[in-house]
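1. Here is a sequence with its predicted model. Questions after.
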Amino acid sequence: MTQTSLAQSDVNGVKLLRLAGTLNLPGVERIHPAFSEAVEESPRVVVDLSGVDVINTPGIGMILAAARDKKHSGGHFVVTGANAMVAQALRLCRLDMVLAIVPDVNEALEQVKLA
């Protein structure tokens, strides 16, 4: 398990949030305030999970809550870059039914811009 981090950038009006490390309770506690603030700042958000090695309930909850809040405010939220283990965890929780999940960050950026 690696230390959790959050990197932010703006790509043509889309907030790109790159998460890395382990999204367990200590990891989520470390990044949650900055993550929530970043999600609130932009109507269009892409969350890149390519640097995430493990995700469990707190990480899933953080992403799900952010996606729900973004939807309720009329914004767009796309998840991308999940490795096989993270993607499986998202599918087991049936988040692929409620979240926009695409494999590639460029595809995610295009999808959220067109929404």
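-> The structure has been received and is ready for your questions. Numbering: from 1, shown residues only.
2. Name all residues that make contact with the residue nearest to Ala20 when sequence neighbours are not counted.
-> With CB to CB, 6 or more residues apart in numbering as the criterion, Ala20 has its nearest non-adjacent residue at 3.0 Å, and that residue is Gly51. Heads up, the C-betas are built off the backbone N, CA and C, glycines and all. Counting by CB atoms under 8 Å, 6 or more residues apart in numbering, Gly51 makes contact with Ser5, Arg18, Leu19, Ala20, Gly21, Gly81.
3. Surely Gly51 forms part of a strand?
-> Yes - checked against DSSP: H, G, I helix; E, B strand; the rest coil, Gly51 lies within a strand.
4. Sort out which one of the contacts of Gly51 lies nearest Lys71 for me.
-> Leu19 (19.4 Å; CB to CB).
5. Show the pLDDT at the closest one.
-> As predicted, Leu19 sits at a pLDDT of 98.
6. now the contacts of Gly51 in JSON lines, with secondary structure, neighbour count and distance to Ile63?
-> Compiled in JSON lines, the contacts of Gly51 are given as follows (DSSP: H, G, I helix; E, B strand; the rest coil; neighbours: other CB atoms under 10 Å; distance: CB to CB, whole Å):
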{"residue": "Ser5", "secondary structure": "strand", "neighbour count": "14", "distance to Ile63": "16"}
{"residue": "Arg18", "secondary structure": "strand", "neighbour count": "19", "distance to Ile63": "13"}
{"residue": "Leu19", "secondary structure": "strand", "neighbour count": "26", "distance to Ile63": "9"}
{"residue": "Ala20", "secondary structure": "strand", "neighbour count": "19", "distance to Ile63": "14"}
{"residue": "Gly21", "secondary structure": "strand", "neighbour count": "20", "distance to Ile63": "14"}
{"residue": "Gly81", "secondary structure": "coil", "neighbour count": "21", "distance to Ile63": "12"}
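7. Closest one of those residues to Arg68?
-> Relative to Arg68, and with distances defined as CB to CB, the nearest of the contacts of Gly51 is Leu19, at 17.6 Å.
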